[in-house]
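Undergrad: okay, structure incoming, though there's no sequence with it:
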């Protein structure tokens, strides 16, 4: 008898994120799992109510499968948004999104490192972006 309510993203401590993939494919009691993960038993019970996978046996004992729980922990983690920026783009920390730089200028820093400085077309903040290049080059304007 599996009891899974709607899963809500839960903020997980780093220690749980690191230790969960090492859980064995066996059934743990709540106390054993909390000890294995180095966390409070009450917190683990709260996660079970929020949707962490668990089972009740015929005698109403609560069991948690280690591999299923590790999968749940992995699903709770927020995935990083990765994107590739073009040479004339940068990430605006004020607008919190990638933007095409207006008035970009390439400034050599040292050896192969360059700094690209420009303005955000939305909020007009100054944006600096680092990069690597064999030689400094001018960025296309426009």
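TA: That came through, no problem. The shown structure was predicted, so the numbers you read here are calculated from the model rather than taken from an experiment.
Undergrad: can you give me the helices for the protein?
TA: Along the chain, counting by DSSP state H, helices occupy 14-19, 30-37, 41-50, 66-76.
Undergrad: let me have those in a markdown table, extended by mean pLDDT.
TA: Formatted as a markdown table, the helices of the chain follow (pLDDT from 0 to 100):
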| stretch | mean pLDDT |
| --- | --- |
| helix 14-19 | 93 |
| helix 30-37 | 96 |
| helix 41-50 | 94 |
| helix 66-76 | 93 |
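Undergrad: show me the domain layout of the chain.
TA: Annotated domains of the chain cover 14-76, 80-142 [automatic domain parsing].
Undergrad: if you average pLDDT over each of the ones you listed, which is lowest?
TA: Mean pLDDT is lowest for domain 80-142 out of the domains of the chain, coming in at a mean of 81.
Undergrad: pull out the buried residues from the strand of greatest length in the chain.
TA: If you go by DSSP state E, the chain has its longest strand at strand 102-110. For strand 102-110, a neighbour-count test (16 or more other C-beta atoms under 10 Å) marks 104, 106 as buried. No exception for glycine: its C-beta is placed from N, CA and C like everyone else's.
Undergrad: counting by contacts, list what it packs against.
TA: strand 113-119 (3 or more C-beta pairs under 8 Å, 6 or more residues apart in numbering; DSSP states H and E).
Undergrad: need the contact partners of the strand it packs on.
TA: If you take C-beta atoms under 8 Å, 6 or more residues apart in numbering as the criterion, strand 113-119 is touched by 87-88, 90, 101-109, 125-133, 136, 139.
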